[in-house]
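Chemist: Pasted the sequence and its predicted model underneath.
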Amino acid sequence: MITPAELKIVATTIAVVIFLHYIIKQWLYRRTKLKRAPGPFPIWPVLGSLPLLGRLPHRAFYQLSKKYGDIMELKLGSVRTIVVSSPELAKEVLKVHDLIFASRPDIAAPKIIFNDRDIAFAPHGDRWRHLKKVIMLELLSAKKLEASKHVRDEELSSLVHQIFEDCKDGQPVNLRTSLSSAVMNVVTRSLIRKRYFSTDHTDDDSQEFKELSVKVMNLCGVFNISDYVPFLKPFDIQGLVPQFKQTSSQMDRVFDRVIQEHVKDKSKSDESKDFLDVLLSLPGVDGVSDRLDDITIKAVFNDILVAGTDTITTTVEWALVQLLKHPGIIKKAQDELNEVVGHERVVDERDIPQLKYFQAVVKETLRLHPAGPLLLPHESREACEVGGYHVPAKTRIFVNVWAVHRHPSAYENPLDFNPERFLGSALDTKGMDFQLLPFGSGRRICPGMNFGLLMVQIILAKLLHTFTWMLPGEESPEDIDMGEVFGVTIPKAIPLQVMPIVLCNSTSI
Ligand code: HEM
């Protein structure tokens, strides 16, 4: 019969042996002949360096890069991870070795919610290439964007009126809600000609759609420990899998209805066809089926909703935060709008090329507040070298653009919000300048880059052309809370509360 004291000794011995085995394994792994990038020793058994990341991994990686350098290797759970933090190394990953790093790791949320059929989390291959080409050609090309201009004009005019109504009683306004409804309407009208968000009607469909879109966004941004410690997968200790499954079935219900309506309505002229009609007319990606399967269509839709709405809303909100903190900058941007557009008419997308200072304000916002601070995770398809260090196949790669955008080799006083730095500079956000990568670069670059940038620019231009912006009550610019939350994007933790005041000479209302 073993006594409790003996049991304790056995348990302690087993724990010590496991711990020593882990430490020796890590030590041996680091002493292999291949040159490994420096990084923190993964002291925690099972979790490795995961506890170092905290709630804001982009900031934790940034701090760690100051100690270990612009390329680091970390063991996150059991996942070997490389983080790069400088423009030169970002170029090595996204340009020199673009093809090697063009894949994505296996992540539970999109796999279950989208039935493994979406674009953003798809591994590199024919299926991903084909679907990305379809959305770029049929939804996001310059021609399609021009054709959907009237949708943006209508929705953004409604947005301006909505803000006007909201601020009539002199109360502070939470802009985030009206911004995200307007962006969502632009996106859903282009996808399926349906406007879900409106103050004058709320049907069951709209309600369910709203709930679903919020749920999908939250679940895609959640940190799932089983993605890093695969042996915990069967235990699902955070209870996420049932939520993923339930969301997936709800998504099926909502989109099945929409697909059925489209399939039934065969009377549409070519001009009145939307993106879903186009998808329904395409052959299957397997090359055998005569039409794209419904699961893929639903996954592509959700990708666009998740990737395309929060990113735009978050960027506009941060731009306003920075402008409120810098009254001199907001004045310059509004003076330029007055000069170029005047107040006889509303600002139009076609004015943007003339608004040089305003464009610099948007670039500076995307620099300090990139909506995807770590891009989406990439994965190496084969072994290679980055920065002179060995990177094995199947390594997870984070390009920390949040750190790249603050790199002292790229920018003078990198922490200052200073749009002037872009005046007279040829730097742009299209993925060719590796010190400014809010949309990524290379094969995995954001396909919604032109649409996303245009939306951020035109929304912000309309807000600045119509209203002057004040903080509520006694609040001063220094009081604005700059805290972030990490998820699909990094929005401001506390939504911005503002007092818009209609400019006396505005023609937008
Ligand atoms: C301000 C707006 C936006 C920003 C800052 C942004 C940023 C990004 C970033 C950083 C990535 C990851 C790139 C990588 O992993 O290397 C990405 C991917 C993606 N974005 Fe965007 N995005 C925006 C708007 C949009 C819009 C409007 C859409 C669609 C309508 C969209 C669709 C996608 C898709 C489908 C991917 C996955 C691409 C792939 O895996 O090949 N994004 N975006």
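Modeler: Arrived safely.
Chemist: Where does residue 498 sit: helix, strand or coil?
Modeler: strand (DSSP: H, G, I helix; E, B strand; the rest coil).
Chemist: I'd assumed residue 175 was in contact with it.
Modeler: Yes - using C-beta atoms under 8 Å, residue 498 makes contact with residue 175 at a distance of 6.2 Å. (C-beta placed from N, C-alpha, C; glycine too.)
Chemist: Quick check: neighbours shared by the two?
Modeler: residue 320 (C-beta atoms under 8 Å, 6 or more residues apart in numbering).
Chemist: wait, residue 196 sits on residue 184?
Modeler: Yes - if you go by C-beta under 8 Å, residue 196 and residue 184 touch, sitting 6.6 Å apart.
Chemist: So which of the two has more stuff around it?
Modeler: residue 184 (23 against 20; other C-beta atoms under 10 Å).
Chemist: Look at the more buried one and report its pLDDT.
Modeler: Each residue has a pLDDT score; the one for residue 184 is 92.
Chemist: who are the neighbours in contact with it?
Modeler: Contacts of residue 184 by C-beta under 8 Å, 6+ apart are 196, 197, 213, 305, 309.
Chemist: Please repeat the previous calculation with a cut-off of 10 Å.
Modeler: 155, 195-197, 209-210, 213, 305, 308-310, 312-313 (C-beta atoms under 10 Å, 6 or more residues apart in numbering).
Chemist: Which members of those define the maximum pairwise distance?
Modeler: By the measure C-beta to C-beta, 195 and 310 form the most distant pair in those, at 18.9 Å.
Chemist: before we move on, the earlier item: restricting to the contacts of residue 184, which residues neighbour the ligand?
Modeler: 308, 312 (C-beta under 6 Å from any ligand atom).
Chemist: how many neighbours does the residue nearest to residue 397 when sequence neighbours are not counted have?
Modeler: Take residue 397 and drop its neighbours on the chain: the residue closest to it by C-beta to C-beta, 6 or more residues apart in numbering is residue 378, 4.3 Å away. Neighbourhood size, residue 378 [other C-beta under 10 Å]: 28.
Chemist: Give me the mean pLDDT for stretch 448-464.
Modeler: 97.
Chemist: List the buried residues for that stretch?
Modeler: 448-464 (16 or more other C-beta atoms under 10 Å).
Chemist: Pull out the CA atoms of that stretch and give them to me as PDB.
Modeler: Coordinates of each C-alpha in stretch 448-464 appear next as PDB, following Å, rounded to 0.1, in the frame of the first residue of the first chain:
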ATOM      1  CA  GLY A 448      -9.300  44.200 -51.000                       C
ATOM      2  CA  MET A 449      -6.500  46.700 -50.800                       C
ATOM      3  CA  ASN A 450      -7.800  49.200 -53.400                       C
ATOM      4  CA  PHE A 451     -11.400  49.000 -52.100                       C
ATOM      5  CA  GLY A 452     -10.300  49.200 -48.400                       C
ATOM      6  CA  LEU A 453      -8.100  52.200 -49.000                       C
ATOM      7  CA  LEU A 454     -10.800  54.000 -51.100                       C
ATOM      8  CA  MET A 455     -13.400  53.400 -48.400                       C
ATOM      9  CA  VAL A 456     -11.200  54.600 -45.600                       C
ATOM     10  CA  GLN A 457     -10.300  57.700 -47.600                       C
ATOM     11  CA  ILE A 458     -13.800  58.600 -48.700                       C
ATOM     12  CA  ILE A 459     -15.400  58.000 -45.300                       C
ATOM     13  CA  LEU A 460     -12.900  60.100 -43.600                       C
ATOM     14  CA  ALA A 461     -13.000  62.800 -46.200                       C
ATOM     15  CA  LYS A 462     -16.800  63.000 -45.800                       C
ATOM     16  CA  LEU A 463     -16.600  63.200 -42.000                       C
ATOM     17  CA  LEU A 464     -14.000  66.000 -42.200                       C
END
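Chemist: and it, how far from the chain's centre?
Modeler: Here stretch 448-464 is found 15 Å from its chain centre; the criterion is C-alpha atoms, centre = their mean, to the nearest Å.
Chemist: Any part of it near the ligand?
Modeler: Yes - contact of stretch 448-464 with the ligand (C-beta under 6 Å from any ligand atom) involves 448, 451, 452, 456.
Chemist: The ligand contacts on the protein?
Modeler: 119-120, 132, 140, 303-304, 307-308, 311-312, 315, 371-372, 375-376, 438-440, 444, 446-448, 451-452, 456.
Chemist: Restricted to helices, list those residues.
Modeler: If you go by DSSP state H, the residues of the chain next to the ligand have 132, 303, 304, 307, 308, 311, 312, 315, 451, 452, 456 in helices.
Chemist: quick one: which of those residues has the most company?
Modeler: Busiest of these [other C-beta under 10 Å] is residue 312, holding 27 neighbours.
Chemist: check contacts around it.
Modeler: 179-180, 182-184, 186-187, 371, 448, 451-456, 459, 489.
Chemist: If we use 6 Å, what do you get?
Modeler: 183, 452, 455, 456 (C-beta atoms under 6 Å, 6 or more residues apart in numbering).
Chemist: What is the nearest of the residues you listed to residue 219?
Modeler: Once C-beta to C-beta is applied, the member of these that ends up nearest residue 219 is residue 183, at 19.6 Å.
Chemist: what's the helix or strand for the closest one?
Modeler: Assessed by DSSP states H and E, residue 183 sits inside helix 175-192.
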